[in-house]
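In: can't give you the sequence, but here's the structure:
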């Protein structure tokens, strides 16, 4: 059964789980990464987040077989502050396509898009706690 949709900017305790996860991922996390706002992007993450990320868009010395594992919002923030500079040079953006969530666990499919409009698909698994992402795992689709 579908739940009623609502304005993503006005969440409440009766929020739509799928829309809320989309909001965390796209509006808070990826949109802020794409506009070079590391501190704001890190706000999507819980203070105790476990963040595991395989590189999706190869650039500089970052290959898809590289996995970064971080613990805590502070480590994620510091990592993003450094990496965002490189992403800005590359000109890539992130767009979430599909999200599923039950309010505690979720998954998503997204793309990294280059300046030439080429796409690199990726997917992620997340766990939520206290309305923030406490577990984040991203892998390239292929």
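Out: Yes, it's here. Just so you know, these numbers come straight off a predicted model, no measurement behind them. Numbers count the residues shown, from 1 in each chain.
In: low-confidence ranges in this structure?
Out: 1-15, 57-65 (pLDDT under 70).
In: Next, the buried residues of stretch 40-51.
Out: Within stretch 40-51, the residues scored as buried using 16 or more other CB atoms under 10 Å are 40-42, 44-46, 49-51. C-beta coordinates here come from the backbone N, C-alpha and C atoms, glycine included.
In: Quick check: the farthest pair among those?
Out: 40 and 50 (20.7 Å; CB to CB).
In: what's near enough to touch residue 43?
Out: Residues near residue 43 by CB atoms under 8 Å, 6 or more residues apart in numbering: 28, 32, 132.
In: Nearest residue to the middle of this structure?
Out: The chain has residue 25 as the residue nearest its centroid, 4.5 Å off, counting by CA atoms, centre = their mean.
In: does residue 32 belong to a helix or a strand, and which?
Out: Using DSSP states H and E, residue 32 sits within helix 31-34.
In: Remind me what that helix packs against, helices and strands.
Out: On a contact count with 3 or more CB pairs under 8 Å, 6 or more residues apart in numbering; DSSP states H and E, helix 31-34 meets helix 38-42, helix 73-90, strand 93-101.
In: and these as a markdown table, adding distance to residue 18?
Out: Formatted as a markdown table, the helices and strands packed on helix 31-34 follow (distance: least, CB to CB, whole Å):
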| stretch | distance to residue 18 |
| --- | --- |
| helix 38-42 | 21 |
| helix 73-90 | 23 |
| strand 93-101 | 5 |
